[in-house]
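Q: Provided below for reference: sequence and predicted model.
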Amino acid sequence: QVQLVEFGGGLVQPGGSLRLSCVASGDAFGSYVMGWFRQAPGKEREIVASVSWSSTRTWYSDAVKGRFTISRDNANNTVYLQMNSLKPEDTAVYYCAASKTLSTRIPDYNIWGQGTQVTASS
């Protein structure tokens with residue numbers, strides 16, 4: 001089973017960009033669908049984006065479509081989230097997670113990282 005660690009969070013001004021990375025240890029990273037999720041204070045966790053095993057399919061929430069890009073590098077066991085045109089409402093703890101099925105449902109993701117804080121504020 002893989003373990004996940006996120007990197008790249010921080011403080012950025014509205015309109016700025018950040019790139020999150022999630023590195024997986026263990027075997028068979030390529031056998032997992034990968035997703036990025038976020039949870040803002042007082043709100044439920046929500047899915048932001050997902051990418052299929054070989055990157056042939058991606059999915060984005062309406063809130064981030066056109067601004068965020070998910071990608072993966074199976075050779076280096078890493079999934080990325082490029083975030084552009086950040087807004088204050090993007091402020092949240094961002095988590096990467098792994099699933100054996102192509103899904104946007106949180107319960108289908110059973111391996112989670114520890115999260116990284118993203119704050120978009122002036």
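A: Nice, thanks for sending it over.
Q: residues contacting stretch 64-71, please?
A: 34, 36, 48-51, 55, 58, 60, 79-86, 90 (Cβ atoms under 8 Å, 6 or more residues apart in numbering). From N, CA and C alone the C-beta is placed, and that goes for glycine too.
Q: I misspoke; the intended subject was stretch 75-88.
A: 2, 12, 14-25, 29, 34, 36, 48-49, 51, 64, 67-73, 90, 94, 96, 118, 120-121.
Q: run the last query once more with 7 Å
A: 12, 14-24, 29, 34, 36, 49, 51, 67-72, 90, 96, 120-121 (Cβ atoms under 7 Å, 6 or more residues apart in numbering).
Q: pull stretch 70-90 out as CSV, backbone CA atoms only.
A: The C-alpha trace of stretch 70-90 is given here as CSV (Å, rounded to 0.1, in the frame of the first residue of the first chain):
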residue,chain,number,x,y,z
ILE,A,70,-3.9,18.0,-12.3
SER,A,71,-1.1,15.8,-13.7
ARG,A,72,0.9,12.7,-12.7
ASP,A,73,4.3,11.2,-13.3
ASN,A,74,4.1,7.5,-12.7
ALA,A,75,7.9,7.0,-13.2
ASN,A,76,8.5,9.3,-10.2
ASN,A,77,5.4,8.3,-8.2
THR,A,78,4.2,11.9,-8.1
VAL,A,79,0.9,13.7,-8.7
TYR,A,80,0.8,17.5,-9.2
LEU,A,81,-1.8,20.2,-8.8
GLN,A,82,-0.9,23.4,-10.7
MET,A,83,-3.1,26.2,-9.3
ASN,A,84,-3.3,29.5,-11.2
SER,A,85,-5.4,32.6,-10.6
LEU,A,86,-5.9,31.8,-7.0
LYS,A,87,-8.8,33.3,-5.1
PRO,A,88,-9.3,33.9,-1.4
GLU,A,89,-12.0,31.2,-1.5
ASP,A,90,-9.4,28.6,-2.6
